[in-house]
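Asker: Structure of the sequence below:
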Amino acid sequence: MKYPSTILNLIECFKRLPGIGEKTAERLALSVLDIDEETISLFSKSLKDSKTKIRRCETCNNLSESETCEICKDKSRNKEILCVVEEPKNIILFEKLNIFDGYYHVLDGLISPIDGINPEDINLSNLIDRVKKDKIKEIILALKPSVEGETTSLYISKILEGTGVKISKIAHGIPMGAEIDYVDSLTLEMALENRRYMD
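Answerer: Alright, predicted model coming up:
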């Protein structure tokens with residue numbers, strides 16, 4: 001027996017979300033039938049609003065509902081430090097930790113010539129403009145430990161050479177509590193390179 005077309009369409013919609021397979025999509029579609037009308041209306045409105053109201057911050061390229069995001073509007077933050085990330089969701093991680101009080105810059109990708117992504121394809125020109133205009137003193141590169149992440153980090157440090165801007169990179173290494181036997185070779189290599197001396 002096949003599901004009615006309305007449910008089949010719903011299953012297909014859920015399957016388009018990352019990490020959702022056939023079984024999960026089916027389970028989600030069927031659970032929607034048990035949700036009350038008010039919640040369904042809110043869910044429907046939120047989906048629509050995410051496409052019509054969400055835009056990119058003109059300053060840092062973060063997700064926002066206005067021209068400038070809430071972080072860029074916050075004048076209490078340290079205006080001399082900029083944390084460079086690959087995508088908006090990376091900002092959420094830092095903000096949840098509540099340990100960084102500077103501003104952010106979202107690149108929207110990493111340099112990857114193999115995939116046809118060159119420096120001009122990501123948000124680098126805005127970064128250079130911000131460094132000059134906002135008199136940035138330090139840039140923290142918080143990019144993933146991959147060939148693309150390293151390539152992008154090296155490129156940024158090269159184009160900012162001679163500007164007097166201090167460039168640092170977040171350390172990559174072995175997670176707390178991890179068994180060293182199960183750590184991949186790249187992580188182990190990074191951990192060794194980024195080792196710190198004990199006082």
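Asker: Quick check: which helices or strands does the lowest-mean-pLDDT helix or strand in the chain pack against?
Answerer: The helix or strand with the lowest mean pLDDT-type score in the chain, counting by mean pLDDT, DSSP states H and E, is helix 185-193 (a mean of 76). For helix 185-193, there is no helix or strand it packs on, judged by 3 or more C-beta pairs under 8 Å, 6 or more residues apart in numbering; DSSP states H and E. Heads up, the C-betas are built off the backbone N, CA and C, glycines and all.
Asker: Please enumerate the strands of this structure.
Answerer: Remark: strands assigned in the chain by DSSP state E are 55-56, 63-64, 81-85, 103-106, 138-141, 166-169.
Asker: With respect to residue 23, which of the ones you listed lies nearest?
Answerer: strand 63-64 (30.4 Å; C-beta to C-beta).
Asker: quick check: mean pLDDT across the closest one?
Answerer: Strand 63-64 shows a mean pLDDT of 96.
Asker: Would you point out which residue is most central in this structure?
Answerer: residue 87 (2.7 Å; C-alpha atoms, centre = their mean).
Asker: Now do the contacts for it.
Answerer: 106-109 (C-beta atoms under 8 Å, 6 or more residues apart in numbering).
Asker: again, only using 10 Å
Answerer: 61-63, 106-110, 144 (C-beta atoms under 10 Å, 6 or more residues apart in numbering).
Asker: One more: residue 71?
Answerer: Per C-beta under 10 Å, 6+ apart, neighbours of residue 71: 57, 59-60, 62, 64, 77, 91, 94-95, 102-104.
Asker: Check residue 132 too.
Answerer: Contacts of residue 132 (C-beta under 10 Å, 6+ apart): 163, 165.
Asker: Kindly provide the distance from it to residue 169.
Answerer: Residue 132 sits 22 Å away from residue 169, going by C-beta to C-beta, to the nearest Å.
Asker: Distance from the chain centre to the lengthiest helix in the chain, please.
Answerer: Ranked by residue count, the top helix of the chain under DSSP state H comes out as helix 37-52. Here the centre of helix 37-52 is set off from its chain's centre by 24 Å, with C-alpha atoms, centre = their mean, to the nearest Å.
Asker: Show me what it is packed against.
Answerer: Counting contacts by 3 or more C-beta pairs under 10 Å, 6 or more residues apart in numbering; DSSP states H and E, helix 37-52 is packed against helix 22-32.
Asker: Pull out the buried residues from the helix it packs on.
Answerer: Using 16 or more other C-beta atoms under 10 Å as the test for burial, helix 22-32 gives 25-26, 28-29.
Asker: Any chance of TSV for those residues, columns distance to residue 192?
Answerer: Listed next are the buried residues of helix 22-32 as TSV, based on distance: C-beta to C-beta, whole Å:
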residue	distance to residue 192
25	43
26	46
28	43
29	48
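Asker: Farthest pair within the residues you listed?
Answerer: 26 and 28, at 7.4 Å, using C-beta to C-beta across the buried residues of helix 22-32.
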